[in-house]
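Engineer: I need the structure of the sequence given here:
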Amino acid sequence: QVQLVESGGGLVQAGGSLRPSCAASGGEFVVGNMAWFRQAPGEQRDLVANLPAAGDTTYTDRVKGRFTAARDNDKNVLYLEMTNLKPEDTAVYYCYVRIRPIDNFVYRDYWGQGIQVTVSS
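Structural biologist: Numbering: from 1, shown residues only. Here you go, the predicted model:
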């Protein structure tokens with residue numbers, strides 16, 4: 001059974017940095033699209049960064065120039081380097097990964113458990 005486990009959230013002052021990660025494990029599989037989302041209290045879950053299996057990573061305008069997402073395809077790990085954090089970045093951050101077993105071509109969507117990122121002013 002595939003699982004996504006997130007780590008690296010926490011409390012930081014404005015202007016600080018965090019580097020959450022998301023590791024996929026459980027069987028033999030192929031990873032397709034990966035992404036980071038976030039959800040602030042009372043708001044919908046929004047896309048932060050999208051990392052296709054092939055092609056360029058894209059970001060929401062609100063984090064461009066401050067956040068960098070990366071994927072390690074050998075280790076099946078997704079990262080989000082967050083710098084110059086602002087109070088409005090406070091949210092629960094979720095990783096999202098599309099995965100298929102190596103023996104068929106049906107992809108399924110998986111979500112991490114979510115980690116809290118809190119930025120104090």
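
Engineer: switch to C-alpha atoms for all contacts and neighbour counts from now on
Structural biologist: Noted.

Engineer: what's the separation between Asn104 and Phe29?
Structural biologist: 9 Å (C-alpha to C-alpha, to the nearest Å).

Engineer: same deal with Ala69?
Structural biologist: With C-alpha to C-alpha as the criterion, Ala69 and Phe29 are 22 Å apart.

Engineer: and those two? which has more neighbours close in?
Structural biologist: Ala69 (22 against 17; other C-alpha atoms under 10 Å).

Engineer: need the contact list for the closest residue to that one other than its chain neighbours.
Structural biologist: Closest residue in space to Ala69, ignoring its immediate chain neighbours: Leu80 at 4.4 Å, by C-alpha to C-alpha, 6 or more residues apart in numbering. Neighbouring residues of Leu80 by C-alpha atoms under 8 Å, 6 or more residues apart in numbering: 19-21, 36, 67-70.

Engineer: within the helices and strands, which one has Leu80?
Structural biologist: Assigned by DSSP states H and E, Leu80 belongs to strand 77-82.

Engineer: buried set for that strand?
Structural biologist: The neighbour-count check on strand 77-82 (16 or more other C-alpha atoms under 10 Å) flags 77-80, 82 as buried.

Engineer: now the residues you listed as TSV including pLDDT and distance to Leu51?
Structural biologist: Formatted as TSV, those follow (pLDDT from 0 to 100; distance: C-alpha to C-alpha, whole Å):
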residue	pLDDT	distance to Leu51
Val77	96	12
Leu78	97	9
Tyr79	97	10
Leu80	98	11
Met82	98	16
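
Engineer: pull the most distant pair out of the residues you listed.
Structural biologist: Greatest spatial distance in the buried residues of strand 77-82: Val77 and Met82, 16.1 Å, computed using C-alpha to C-alpha.
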